[in-house]
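> I'll drop the sequence and a predicted model, then ask my questions.
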Amino acid sequence: MKKLILLILITSIHGCATPPGQMTDDDYDITRYHVESSLPVVLTNFNDGLRYCGGYNEVHNGIPNCLPPRPDGKVVCDMYMAGINEGPSGFVIGRSDFIPAASGTDIELRVRTMMANNEKVVKNWQMFIAGETDKACPPYKEEPEDEF
């Protein structure tokens, strides 16, 4: 039943979803910080965390669409709400910018202001980047089926 309600919600939102390139800073709550890890390490940790936790694990972690590096080395990942079967929907929940710096990587994490649990999403993304995925998402366990 939860999946049906989510499907109806996503379908109704999808029709009015703003493309990520048209969003402005006013659409997001933005967290900026620096880590001493290199850009390749940061991207690997981030993507590994998203793969481990999935698009939804108590909060919408998102499904990334990372664009190729720009000429200055910056990598932008548009983050989409998980759709059916954990694939991306058309609804952007945020954006993660990774900028190479002399002593590591500058990071800008953007979560849509309209999203619930923004702080938890940012905290999860920060744990992914730090390689602390196990703290963000407990291991998945099959729930036992009810016996009749």
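Everything's here; your move.

> could you pull out the strands for this protein?
Here the chain has its strands, by DSSP state E, at 28-35, 56-57, 59-60, 63-66, 75-82, 88-101, 104-112.

> By mean pLDDT, show me the worst of the ones you listed.
When the strands of the chain are ranked by mean pLDDT, strand 56-57 comes last with a mean of 69.

> Enumerate every residue touching Leu50.
Asn61, Gly62, Ile63, Pro64, Phe128 (Cβ atoms under 8 Å, 6 or more residues apart in numbering). (C-beta placed from N, C-alpha, C; glycine too.)

> Now do the fourth one against Val121, distance only.
Right, Pro64. To Val121, Pro64 is 13 Å away according to Cβ to Cβ, to the nearest Å.

> next one: the first one
In this structure, Asn61 and Val121 are 7 Å apart, going by Cβ to Cβ.

> Could you do the second one as well?
Distance, Gly62 to Val121, by Cβ to Cβ: 8 Å.

> list the residues that contact both of these two?
Common contacts of Gly62 and Val121, defined by Cβ under 8 Å, 6+ apart, comprise Ile93, Gly94.

> So which of the two has more stuff around it?
Gly62 (29 against 22; other Cβ atoms under 10 Å).

> Can you get me a residue count around Pro100?
There are 16 residues near Pro100, going by other Cβ under 10 Å.

> now do Leu43
20.
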